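Novice: dropping the sequence and predicted coords here.
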Amino acid sequence: MSSARSSDHAVGLATAARDVAEAGSNRSVHQVRTEEDLLTVRHAVRAATLRAGFSIVDQTRVVTAASELARNAYIHGGGGTVTIDYLMARGTAGLRLTITDDGPGIADVGAALTDGFTTGAGLGHGLGGARRLMTDFELQTVPGRGTTVIATRWASR
């Protein structure tokens, strides 16, 4: 990514370039400061997948990824925000989740994306698992300045 500085860590995974249109005012922003906020985010993402017409399998993928990423922002980042954007490209609906925190950042992105790696009490599958569940996945982190994950899923046909 061009915006990453040499001291920054960035990982991007984009499966296809698309002509993407953001659907007007179809954006919601949710704070992640408490355990209850995690449940609110989960419900908001579930509602967004329904509104976008996602299959039950895709609904589950997106909600699971959102839950993992929001929990990471809460636990490791000390809280943050989850923004949900509705997208449309070539007649296909999509959702983009942007999860941002102002925490300590990730010192070793490669390790953090490896299954089994954890700095807490979890199993270490959250970040890598979220990446696999989404169509596009971008991670930007600066040690000492926080982390942003932008993850997009397009509805299956």
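Specialist: Good, I have the coordinates.
Novice: could you show me where the strands are in this protein, in order?
Specialist: Shown for the chain, the strands assigned by DSSP state E span residues 9-13, 21-32, 80-89, 92-101, 136-142, 146-154.
Novice: got a list of contacts for the longest helix along the chain?
Specialist: In the chain, ranked by residue count with DSSP state H as the criterion, the top helix is helix 56-75. Where contact means C-beta atoms under 8 Å, 6 or more residues apart in numbering, the residues beyond helix 56-75 that reach it are 32-35, 37-38, 41-42, 45-46, 48-50, 54, 79-82, 95, 97, 99-101, 103, 120, 126-127, 129-130, 133-134, 147, 149, 151, 153, 155-156. Every residue, glycine included, has its C-beta placed from N, CA and C.
Novice: report the angle between the axes of that helix and strand 146-154?
Specialist: Compare the direction of helix 56-75 with that of strand 146-154 by axes from the mean of the first three to the mean of the last three C-alpha atoms, to 10 degrees and you get 170 degrees.
Novice: buried residues of helix 56-75, list them for me.
Specialist: 58-59, 61-75 (16 or more other C-beta atoms under 10 Å).
Novice: do stretch 130-139 as well
Specialist: Buried residues in stretch 130-139, counted by 16+ other C-beta under 10 Å: A130, R131, L133, M134, T135, D136, F137, E138, L139.
Novice: S156 contacts S55, doesn't it?
Specialist: Yes: with contacts defined as C-beta atoms under 8 Å, S156 counts as touching S55 at a distance of 5.7 Å.
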